[in-house]
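*Asks:* Make a model of this:
(one chain, ligands or ions: 2)
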Amino acid sequence: MRKLGERAYFLLCRALGWWLRHARYSKARIVTQDGEPQVRKQRLVYAPLLVWLGGPLVRILDAGVRVLPQRDWEERERRIYRSLRRAPIRIDADGTLVLPLLAGETLATLLEDPELEGSVRTRAIELAVVALAEFHHLGFSHGDAMAENVLIDLDAGVAHWFDFETVHDLRRSMAWRRADDVRALLATCLVRTVPAELPDALQLILDVYRDEGATRCLATSFTPLLRRSLTFHLAQAGLSFPRYREIANLLRERTDCSDRGAIQY
Ligand SMILES: Nc1ncnc2c1ncn2[C@@H]1O[C@H](COP(=O)(O)OP(=O)(O)OP(=O)(O)O)[C@@H](O)[C@H]1O
Ligand SMILES: [Mg+2]
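*Replies:* Ligands and ions are numbered 1, 2, ... in the order given. Modelled structure (predicted):
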């Protein structure tokens, strides 16, 4: 009976998540001006209303994040581009952000390519995780660290995180915020991974990120299933019920193993 209840709750959250996933705040376009390619990102007309309505919604969903209003978003993008890329960004009078065009393809696009070689897949995931860890070392957390929000430049061997409209709730610990970024990246990679490769992809991400504290925090974000944040998590990655359970089990096994290792040591 409990199992049935869990499955029904999961399916309800997944349906709500699907609906949430389609909420759009802004539009990004690649344009060329004076021979320079650039990205112009602009909020949609109804975005202020969505941001305002989204505040209570993300609190109900216990998401631990919020979408920034225009001015705060501008300030955050400016600060992060300055720290990460030493590149200034421009903000037009109508609030359009003009960003330098970063090289590469999103990790999501790469992972969805059925022709992509296994070794390239692994490399792309590694680069995204390394760049996320570096971002964290600079004192930031992303807030929406999905495979859709990182560009992988395979030729240069680097990854670039972008899209800083969402911010973590500052009342959450920094450890929680970092683990939440790893959760979002892990879930959005695993939703694009065939079942047979799921355990290896999960180990790869956790091995490259190398923070057992974060892994433990991550394991608790997949269990118990009956929790408010499930809708938001499934909005980021619409995992199936069996796949979600498998990830939770793999994370539990991994934390049990590292606990046993610590005791023996
Ligand atoms: N600085 C950048 N350099 C290169 N491409 C970018 C850059 N910023 C955004 N893009 C491209 O624009 C797309 C959308 O950007 P972004 O993720 O910032 O907006 P979004 O609001 O999440 O849009 P969407 O909901 O359509 O993903 C990205 O998938 C990426 O391909
Ligand atoms: Mg995005």
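*Asks:* contacts, neighbours, all on C-alpha from now
*Replies:* Fine.
*Asks:* which one's the longest helix in this protein?
*Replies:* Taking DSSP state H as the criterion, the chain has its longest helix at helix 241-264.
*Asks:* list the helices and strands it packs on?
*Replies:* On a contact count with 3 or more C-alpha pairs under 8 Å, 6 or more residues apart in numbering; DSSP states H and E, helix 241-264 meets helix 2-21, helix 198-209, helix 212-222.
*Asks:* which parts of the longest one are buried?
*Replies:* To tie it back to what came earlier, the one meant is helix 2-21. Residues of helix 2-21 classed as buried: 7, 9, 10, 11, 13, 14, 15, 16, 17, 18 (neighbour count, 16 or more other C-alpha atoms under 10 Å).
*Asks:* quick one: contacts for the first one?
*Replies:* Contacts were defined as C-alpha atoms under 8 Å, 6 or more residues apart in numbering; by that measure residue 7 touches residue 241.
*Asks:* One more pass at 10 Å, please.
*Replies:* Contacts for residue 7 (C-alpha atoms under 10 Å, 6 or more residues apart in numbering) come out as 1, 13, 225, 226, 241, 242.
*Asks:* how many other residues sit next to the fifth one?
*Replies:* The number of residues packed near residue 241 is 14, by other C-alpha atoms under 10 Å.
*Asks:* Repeat that for the one 5 residues further on.
*Replies:* Using other C-alpha under 10 Å, the number of residues around residue 246 comes to 15.
*Asks:* got the contact list for it?
*Replies:* So residue 246 contacts 195, 198, 199, 240, 252 (C-alpha under 10 Å, 6+ apart).
*Asks:* Would you mind measuring from the fourth one to ligand 1?
*Replies:* Pointing back at residue 240 there. Residue 240 sits 22 Å away from ligand 1, going by C-alpha to the nearest ligand atom, to the nearest Å.
*Asks:* so what's residue 146 closest to, chain neighbours aside?
*Replies:* Distance criterion C-alpha to C-alpha, 6 or more residues apart in numbering; nearest residue to residue 146, sequence neighbours excluded, is residue 185 at 4.8 Å.
*Asks:* Then residue 30?
*Replies:* residue 39 (4.5 Å).
*Asks:* what bridges to the one you found?
*Replies:* Per DSSP bridges, the residues bridged to residue 39 are residue 30, residue 99.
*Asks:* C-alpha coordinates for the strand or helix carrying residue 83, PDB please?
*Replies:* In the assignment (DSSP states H and E), residue 83 maps to helix 70-85. Output in PDB follows, covering the C-alpha atoms of helix 70-85 (Å, rounded to 0.1, in the frame of the first residue of the first chain):
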ATOM      1  CA  GLN A  70      15.600  41.900 -13.000                       C
ATOM      2  CA  ARG A  71      18.100  44.200 -11.100                       C
ATOM      3  CA  ASP A  72      19.400  41.400  -8.900                       C
ATOM      4  CA  TRP A  73      19.800  39.200 -11.900                       C
ATOM      5  CA  GLU A  74      21.800  41.800 -13.800                       C
ATOM      6  CA  GLU A  75      24.000  42.300 -10.800                       C
ATOM      7  CA  ARG A  76      24.600  38.600 -10.400                       C
ATOM      8  CA  GLU A  77      25.500  38.000 -14.100                       C
ATOM      9  CA  ARG A  78      27.800  41.000 -14.000                       C
ATOM     10  CA  ARG A  79      29.600  39.800 -10.900                       C
ATOM     11  CA  ILE A  80      30.000  36.200 -12.100                       C
ATOM     12  CA  TYR A  81      31.200  37.100 -15.600                       C
ATOM     13  CA  ARG A  82      33.700  39.400 -14.000                       C
ATOM     14  CA  SER A  83      35.000  36.800 -11.700                       C
ATOM     15  CA  LEU A  84      34.900  33.800 -14.000                       C
ATOM     16  CA  ARG A  85      35.800  35.200 -17.300                       C
END
